[in-house]
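In: here are the coordinates; sequence isn't available:
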Ligand SMILES: O=C(O)CCC(=O)C(=O)O
Ligand SMILES: [Fe+2]
C-alpha cells in the first residue's frame, strides 16, 4: 500500500489509471494493453464453468517435477504434460472425456487480438488455462508442441499482475521483463513464434476479479 499523507481522498492508492499504450516487444510480438478488459467478467465466468468439468490440476514434467502452476484446457485439443512428455490430447486424462468446448467468446476474442497484431485468420483449436497463485512461476520455454509454427499464439492475462519474461529464439538471448495487467493480451507469431518466454514468480496480492490468483488463457492452433 502506498503511504498516505491524509490529504488524498480514500482509495486513491488503488486509482485505476487504465491500460496505457500497446507495446511492441519485437518483430512479430505485441502487448495489446487492456484488449480483453471489457470481456474479463465473461471470460472468468466461462473459466469457472470449464473448471467444473475439467478441474485445475498440477501436471508433472517429463523429468518428474511437479509444475507450480495449475492447468486445465478447453477446445478440441488440450495441452498436457506427464512422464511421457509434452503433447496435445483430445481428452482430459483425469476424466477420459473430451475437454470442455471452447466458448465462442474465447475463439472470437483470440481471433480479434491476432488480427490486431497482424495475424489474420487465426482459428485456435486449443486453449490452455493457467492458474498462478503468489509464489508460482513458469520457467523460460518455447511453445513448440503445435504442428504449424505459421500460426500465432495469443495469451490473455486476468487478475493479479505478472512479469512476463520475453527472450529471443535462442536460449541465451537477452530476456526482457514486461508487466502484464488484468485484461492485457500478448500476441506473437512469425519471426517471434519460437521466442522463449515465461512468467516470473508471482508476487503476493489480491485482485478484485480473481482474488489471490492470476489466470491466463493461451490460445493456439495445435492440430
Ligand atoms: O501465463 C502466461 O502469460 C504465459 C503462459 C505460457 O507461456 C504457456 O502456457 O505456455
Ligand atoms: Fe508458453
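Out: Now that the structure is in, tell me what you want to look at. This one's a predicted model, so the numbers in the text were calculated from it and none came from an experiment. Ligands and ions are numbered 1, 2, ... in the order given.

In: remind me, longest strand of the protein?
Out: Counting residues, the longest strand found in the chain (DSSP state E) is strand 66-75.

In: that strand pairs with which strands?
Out: Partners of strand 66-75 in the sheet, by DSSP bridges, are strand 57-60 (antiparallel), strand 126-132 (antiparallel).

In: and the last one, how far from the chain's centre?
Out: Relative to its chain's centre, strand 126-132 lies at 6 Å (Cα atoms, centre = their mean, to the nearest Å).

In: wait, does that strand make contact with ligand 1?
Out: Yes: contact of strand 126-132 with ligand 1 (Cβ under 6 Å from any ligand atom) involves 128, 130. Every C-beta, even on glycine, is put in place using the N, C-alpha and C of the backbone.

In: do you know how far the residue lying closest to residue 176 once chain neighbours are set aside is from ligand 1?
Out: Spatial nearest neighbour of residue 176, excluding adjacent residues (Cβ to Cβ, 6 or more residues apart in numbering): residue 166 at 4.7 Å. Applying Cβ to the nearest ligand atom, to the nearest Å, the value for residue 166 to ligand 1 is 10 Å.

In: which stretches of this structure have low pLDDT?
Out: Applying pLDDT under 70 to the chain picks out residues 1-15.

In: most tightly surrounded among the strands paired with strand 66-75?
Out: Stretch with highest mean neighbour count among the strands paired with strand 66-75: strand 126-132 (a mean of 24; mean count of other Cβ atoms under 10 Å).
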